[in-house]
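[1] Quick one: sequence plus predicted model below, questions after.
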Amino acid sequence: MAPDTSEANDSPAERLLPLYRTMARIRAFENAAEEASRGSVAAFGASSDAASMIRGPLHLSTGQEAVAAGICANLTRDDYLTSTHRGHGHTLAKGANITAMMCELFGRGAGTNKGKGGSMHIADFAVGMLGANGVVAAGIPIAVGAAHSAKIRGSKAIVACFFGDGAINRGPFLEGLNWAKIFELPVLFVCEDNRYSATTATDAMTAGDGAAARARGIGIPAESVDGNDVLAVDAMARELVARIRAGAGPQLLHALTYRVKGHVSVDAAAYRDPRELESALEGDPLKLAGLRLAALGVAAATVAKIDTEVRNEIDAALAAAHSAPATEPDEAYADVQDLGAGQWR
Amino acid sequence: MAPDTSEANDSPAERLLPLYRTMARIRAFENAAEEASRGSVAAFGASSDAASMIRGPLHLSTGQEAVAAGICANLTRDDYLTSTHRGHGHTLAKGANITAMMCELFGRGAGTNKGKGGSMHIADFAVGMLGANGVVAAGIPIAVGAAHSAKIRGSKAIVACFFGDGAINRGPFLEGLNWAKIFELPVLFVCEDNRYSATTATDAMTAGDGAAARARGIGIPAESVDGNDVLAVDAMARELVARIRAGAGPQLLHALTYRVKGHVSVDAAAYRDPRELESALEGDPLKLAGLRLAALGVAAATVAKIDTEVRNEIDAALAAAHSAPATEPDEAYADVQDLGAGQWR
Amino acid sequence: MALMSYAQAACSALAGAMRADAGVVALGEDVGNGGVFGQYRGLREEFGASRVIDTPISEATIMGAAVGMALTGLRPVVEMRVVDFALCAIDEIVNQAAKNRYMFGGQGRVPLVARLPIGIWSGSAAQHSQSLEAWFAHIPGLVVVTPATPADNYALLAAAIECGDPVIYMEHKELWGLEGEVPPEPTAVLGKARIARGGTDLTLLSWSGMLHTALAAAEQAALQGVSVEVIDLRTIWPWDRETVLESASRTGCLLVAHEAVQAAGFGAEIAATVAEALGIPVKRVGAARIPVGYARTLENVARISTQQLLQELKEFLNNRGRKRSMR
Amino acid sequence: MALMSYAQAACSALAGAMRADAGVVALGEDVGNGGVFGQYRGLREEFGASRVIDTPISEATIMGAAVGMALTGLRPVVEMRVVDFALCAIDEIVNQAAKNRYMFGGQGRVPLVARLPIGIWSGSAAQHSQSLEAWFAHIPGLVVVTPATPADNYALLAAAIECGDPVIYMEHKELWGLEGEVPPEPTAVLGKARIARGGTDLTLLSWSGMLHTALAAAEQAALQGVSVEVIDLRTIWPWDRETVLESASRTGCLLVAHEAVQAAGFGAEIAATVAEALGIPVKRVGAARIPVGYARTLENVARISTQQLLQELKEFLNNRGRKRSMR
Ligand SMILES: Cc1ncc(C[n+]2csc(CCOP(=O)(O)OP(=O)(O)O)c2C)c(N)n1
Ligand SMILES: Cc1ncc(C[n+]2csc(CCOP(=O)(O)OP(=O)(O)O)c2C)c(N)n1
Ligand SMILES: [Mg+2]
Ligand SMILES: [Mg+2]
């Protein structure tokens, strides 16, 4: 599915419907992946289960869908995107194939990465999605390089660079922003602030006023937005992307949202107050978007139809992933390098 | 020589005289080291000369003396200091022995580091000087750790952390400042801005308004000062150190100065406009301090006496370094590690 | 004697050190909540947040700050979660921690322990599955330790904290849940290997997770009439040459097996040393020089199984003495 | 045929690549002013600041940005000045550049060349004197190259830029001024060693700066009636086993000499491989596992001199065949 191409002057309902669909697809994907990942990894007190279809740490973006949807609705297929360990939503919103993505999580040859990367490294270069990353903040320099390359090559592509609230305490955040600004590169930095870094509330680990204040300290214009309000994210992204395309250089968006699930799917997040989650769920982006659609007079049946289509889509993806063959063992030796291929020991 | 212990309510002349002496000692040390380092390293178009007494890259702080002198006048011997590759001035100002320092540069067993470190790693732990560092910005996390340690141990020591204008573009600058602030550590960050990073004018490589703006973006109070005006540096340092000792947490001082010499002693700095240097020399900190002393009515003979004492001191240090024996080759195997000592291959 | 998991054994050693010495502190991401593998469980409750220090995601500064702490009177234990993330702190480990004492002429000491777990972590793919012990063995100034059992994790972590040198302490990412008896008196010291199983036909040397594969292969070899001596190296640097050379000269041949990529792995150092010293047949079994893939099928190719190890062992034994032909 | 310095040869190769392909760019600190060793001299003047890119002191982002550039159609040549500073960019080299192609299932390629000069740089002490080629040989996905002469620096840098894999290109910190004839047609290819001097009694394998010491030792050995074959390995990974095994099986013994610390150095890999494959006597000569000190006296202890190499070589030759005793 290609990224949304609705026009800026669409009516709010026309704008919101495809955003709602993108979010619903992400939510459905995350829920299905969560289900298939029980026992995926020994951590957070959970033990691993050899029967788990999805293996290893699975970072869900449940509850954060509005950020991915709102940003990517303003990108073209040629634009680039770099992501984090929590990258399913970004990948889907950028237009990757949902079945290939599920196959990747299942370790199938038909996966986006031929089963070589799994959730933490999911990528679809064909739609400009340059990869999730297992190292916090590591996508930032890569994004900056892609933007630098676009500028050198005279391409019109811009880069959306997603990272978490925890990532702004790693060095590459400073280095990457400084670099983007001195070379006036076309990058939209998106700090997807879900308030947690693994088991730790990020606030206590972050000095000053956070991502936007830091960006301004480096000379980069920055805005903040309610990251659960998809129309707000969309509008802000539209504005910032327009500035970037007009040559104004890098911009940063701080989107405040909430990590509904644990750090990884097997993490029960026992370290946080359940009431915090409860109140956060009241601001669930899909719920908010549903209410907004109703308020805008969109028929319930229209929304229900989207929900059904999405359910069918995810069921088909799951079925395909279940029946797809596992990656061939020989693939272990492919895509490593050309020179020296064969000299494996 | 112990750090200056003059009182804050000394008269300006009483305050300035020891600062002048500190600066004069640094200048004399740098000039002597420069002289002894001809042909020290093959770089910047120069070739190396086996006869050079001082070997390898020698980074001179000539013209930047006011920063080291003004800051260290406000530290006690128990306070810590971390430095950069350009660390002679900081080391002297913190109270290290000038002869041991010169011996270090000459590769003598009597050197501060037994000849193991040379200029780039000069250190005197006995006076709290925790080391120059060959890696840009690497002193920042170490400084922060020393401050964290002081806090945990209930020590009253504070840490002065020096770094260059180029260092604020490396990740540890962000990480270290953030860390210092969230733990409210007693660190004075000093950005010694000499406008160059090796052959590159730093300005073009630095987005935004520089060190102070970045610090503020991380929630750290920051001040700027004319780094060639030693009384101004001293006054500002007194203020910031007082804040830190009072528990106000980390502070940053941006001190603007100028790198009078090339990046290393063999670098003729052909990449910069000679007129820039010429005009910078008008603001030479020693010259300014001399004028100020005269204006304050200090007798020329008083200043001349300091100059003579300093000259004698450096002559003695040079003579001692020349005649001191080279580090024993066996020292190559000492101070490496305890466990595994002897298992050298 | 208590039954403990590998993670509990580490907790217990660290708690003991913290009780004995107020200068021992732990710092790193998520240590306050017990560590994501439970390897710090209960410590904040006992020692407080000022000694069990939650940090920002700032690996370079976690390591660098630990150097500053160690220089000024503390004994930090540094949490890096997995060795793969420590790649964000390599300058601080290699240029700062390892060289500090030497380059400053012995003025300071850096008594820190950096926990950098190695190994394939099931389903975690290329960026979370590395075994880089050979890297740190190559760096003067560092001690490198790879405990394979709960008892060793207890004894060796305690010893590492006491050691006074900077120690790269490499637990295995998949052993956290392994249970075993842990005697109250430490049964391992740094730098000393352990003959984990006696044997006469061949010396099989290993460490960390691979030790368990080696023991399983030896078990099966015994059923087939081959007597394999298994050595757990325990400490990668300084490694226990005496024990290894004695065993190898007794059995007459040495096989080194490790989970790390074989090419330029630490097995090369051992095999080369033994070949130099004894001139006996040597052989290594390590991972192919490929990244670890996500799919189970790919991950399995990157692992050394018991069957594979047994197979290599047999071939080696059969060919020994007939190695002068060119391959 | 032109007489060029090692630095000029590199400049010339890079200029040629930049002329041939607009996608080739160079980035790093001080490249605009020609590089502090003159290894980029004249390039900004010819190709402009948008292709000869001065960067902030941001090693992590220099490498990371190069990965992003390489993924999106450029062929970046990355300046790191010395391998020691590249320790600030290890995540980007190891977790990002090396693994990208594999972990994303072959969707992208990372055709970049990272220049990480190795070796002792006179008087520069512990933090500027490391030889870490073994580290990168251990990492799947990387090619590792160590040119020893101007001709090779010309040919191999050009080949590295063309290669398409991420290449760790390790010039030697003290060879910049070395002059030599550089034929216009490249005389070296990646992955192929060179027999730098023929001989019959012993194979002496080396690379980078140590090659010149090896040649000098062979020269002196010849005067004493010993015929030493000297091989320049040139490429550390993939290394040319055929040439090495052929030579070693012909001479009957192999001595590997390198400037890097011997413990876990790449010599271990070669010695282990040769011992495994041929069972002939092997020996390594590498630096002691100590940091490089500043004083000349200390630095000299960390270097392998011609005399020392010659001495080791003789002892090895004399003892060969009598290696079965325990040391
Ligand atoms: C450099 C590095 N350090 C630590 C980790 C372990 N880790 C994985 S995700 C995570 C938390 C990241 O927090 P944030 O950036 O806010 O992203 P979120 O998980 O909230 O999406 C941590 C510490 C890592 N992957 N990389
Ligand atoms: C991490 C790292 N990168 C590069 C270098 C090489 N280098 C040494 S000094 C220097 C310039 C530093 O500039 P600045 O921080 O302003 O200090 P200054 O030399 O002006 O005192 C550079 C690039 C280094 N030592 N460390
Ligand atoms: Mg977060
Ligand atoms: Mg500067």
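    In hand now; what should we look at? Ligands and ions are numbered 1, 2, ... in the order given.
[2] Are there helices or strands packed against the strand with the most length in chain C, and which ones?
    Ranked by number of residues, the top strand in chain C under DSSP state E is strand C:254-261. Counting contacts by 3 or more Cβ pairs under 8 Å, 6 or more residues apart in numbering or on different chains; DSSP states H and E, strand C:254-261 is packed against helix C:133-137, strand C:202-206, helix C:209-223, helix C:241-251, helix C:266-278, strand C:282-287, helix C:306-319. (Glycine included, C-beta is placed from N, CA and C.)
[3] wait, which of these is closest to residue B:157?
    Distances from residue B:157 to each of the helices and strands packed on strand C:254-261 were compared using Cβ to Cβ; the minimum, 31.6 Å, belongs to helix C:133-137.
[4] does any bit of the following helix or strand past the closest one sit next to chain D?
    Going down the chain from helix C:133-137, the next helix or strand is strand C:143-145, by DSSP states H and E. No. Figure legend: strand C:143-145 not in contact with chain D (Cβ under 8 Å from any Cβ of the partner chain); closest approach 9.5 Å.
[5] How about the helix or strand that strand C:143-145 is followed by and chain A, touching?
    Following the chain from strand C:143-145 toward its C-terminal end, the next helix or strand by DSSP H and E is helix C:150-163. No. Helix C:150-163 stays out of contact with chain A when judged by Cβ under 8 Å from any Cβ, the minimum separation being 15.4 Å.
[6] Does the nearest residue to residue A:300 once chain neighbours are set aside lie in a helix or a strand, and which?
    If you skip the residues right next to it in sequence, residue A:300 has residue A:294 as its closest partner in space, 7.1 Å away by Cβ to Cβ, 6 or more residues apart in numbering or on different chains. Assigning secondary structure by DSSP H and E places residue A:294 in helix A:285-295.
[7] Please list the residues outside that helix that contact it.
    When contacts are taken as Cβ atoms under 8 Å, 6 or more residues apart in numbering or on different chains, the neighbours of helix A:285-295 outside the stretch itself are A:12-13, A:16-17, A:19-20, A:23-24, A:27, A:63-66, A:227-231, A:257, A:300, A:302-303.
[8] change it to 10 Å
    Among residues not part of helix A:285-295, those counted as contacts by Cβ atoms under 10 Å, 6 or more residues apart in numbering or on different chains are A:12-13, A:16-17, A:19-21, A:23-24, A:26-27, A:62-67, A:69-70, A:226-233, A:257-258, A:260, A:281-282, A:284, A:298-300, A:302-303, A:306-307.
[9] what's the next secondary structure element after that helix?
    Tracing the chain C-terminally past helix A:285-295 and defining elements by DSSP H and E, one meets helix A:300-323 next.
[10] Now do that next one, average pLDDT.
    The predicted model assigns helix A:300-323 a mean pLDDT of 98.
[11] List the buried residues for that helix?
    Judged by neighbour count using 16 or more other Cβ atoms under 10 Å in any protein chain shown, the buried positions of helix A:300-323 are A:303, A:306, A:307, A:310, A:313, A:314, A:317, A:318, A:320, A:321.
[12] packing partners for that helix?
    In this structure, helix A:300-323 makes packing contacts with helix A:12-36, helix A:98-105, helix A:285-295, judged by 3 or more Cβ pairs under 10 Å, 6 or more residues apart in numbering or on different chains; DSSP states H and E.
[13] any low-confidence regions in the chain?
    You didn't pick a chain, so chain A it is. Under the criterion pLDDT under 70, the flagged ranges of chain A are A:1-8.
[14] could you do chain C instead?
    Per-residue confidence for chain C (pLDDT under 70) gives these ranges: C:321-327.
[15] most centrally placed residue in it?
    For chain C, the residue lying nearest the average C-alpha position, counting by Cα atoms, centre = their mean, turns out to be residue C:146 (1.8 Å).
[16] Would you mind finding the most buried of the helices and strands packed on helix A:300-323?
    helix A:98-105 (a mean of 26; mean count of other Cβ atoms under 10 Å in any protein chain shown).
[17] can you redo the buried residues of helix A:300-323 as CSV with distance to residue D:150?
    Rendered in CSV, the data for the buried residues of helix A:300-323 read as follows (distance: Cβ to Cβ, whole Å):
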residue, distance to residue D:150
A:303, 71
A:306, 67
A:307, 69
A:310, 64
A:313, 61
A:314, 61
A:317, 58
A:318, 61
A:320, 57
A:321, 56
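[18] if I look at residue C:263, how far off is chain D?
    6 Å (Cβ to the nearest Cβ, to the nearest Å).
[19] dump the residue contacts of the residue of chain A found nearest ligand 3.
    With Cβ to the ion as the measure, residue A:164 is the residue of chain A nearest to ligand 3, at 3.7 Å. With Cβ under 10 Å, 6+ apart as the criterion, the residues that contact residue A:164 are A:59, A:64, A:84-86, A:136-137, A:190-198, A:202, A:211, A:259, C:57.
[20] need the residues of the stretch 101-250 of chain C near ligand 1, please.
    Of all the residues in the stretch 101-250 of chain C, not one is in contact range of ligand 1 (Cβ under 6 Å from any ligand atom).
[21] Nearest to chain A: which residue in the stretch 101-250 of chain C?
    When distances are taken as Cβ to the nearest Cβ, the stretch 101-250 of chain C reaches nearest to chain A at residue C:123, 2.7 Å away.
[22] quick one: that residue and residue A:37 touch, right?
    Yes. Between residue C:123 and residue A:37 a contact is recorded at 9.4 Å, counting by Cβ atoms under 10 Å.
[23] any shared contact partners between those two?
    Counting by Cβ under 10 Å, 6+ apart, the contacts common to residue C:123 and residue A:37 are A:52, A:54, A:55, A:56, A:57, A:58, A:119.
[24] which one of those is nearest ligand 4?
    Distance to ligand 4, by Cβ to the ion, is smallest for residue A:57 among these, at 42.0 Å.
[25] Give me the phi and psi for that closest one.
    phi -70, psi 130 (degrees, to the nearest 10).
[26] Would you confirm that it contacts residue C:121?
    Yes. With the criterion set as Cβ under 10 Å, residue A:57 and residue C:121 qualify as a contacting pair; they are 8.4 Å apart.
[27] hey, what's in contact with both of the two?
    A:41, A:43, C:128.
[28] Help me confirm that the last one comes into contact with residue C:81.
    Spelled out, it's residue C:128. Yes. In this structure, residue C:128 is within contact of residue C:81 by Cβ under 10 Å, at 9.2 Å.
[29] Those two: which is more packed in?
    Here residue C:128 and residue C:81 are compared on neighbour count by other Cβ atoms under 10 Å in any protein chain shown; more neighbours surround residue C:128, at 26 against 23.
[30] give the contact list for the more buried one.
    Taking Cβ under 10 Å, 6+ apart as the contact definition, residue C:128 lies against A:56-57, A:85, A:120, A:134-135, C:81-85, C:117, C:119-122, C:173, C:292, D:95.
[31] how close does it get to chain B?
    Here residue C:128 is placed at a distance of 21 Å from chain B (Cβ to the nearest Cβ).
[32] circling back: could you give the angle of the helix holding residue A:294 to helix A:300-323?
    Helix A:285-295 and helix A:300-323 are oriented at 150 degrees to each other (axes from the mean of the first three to the mean of the last three Cα atoms, to 10 degrees).
[33] Understood, closing this out.
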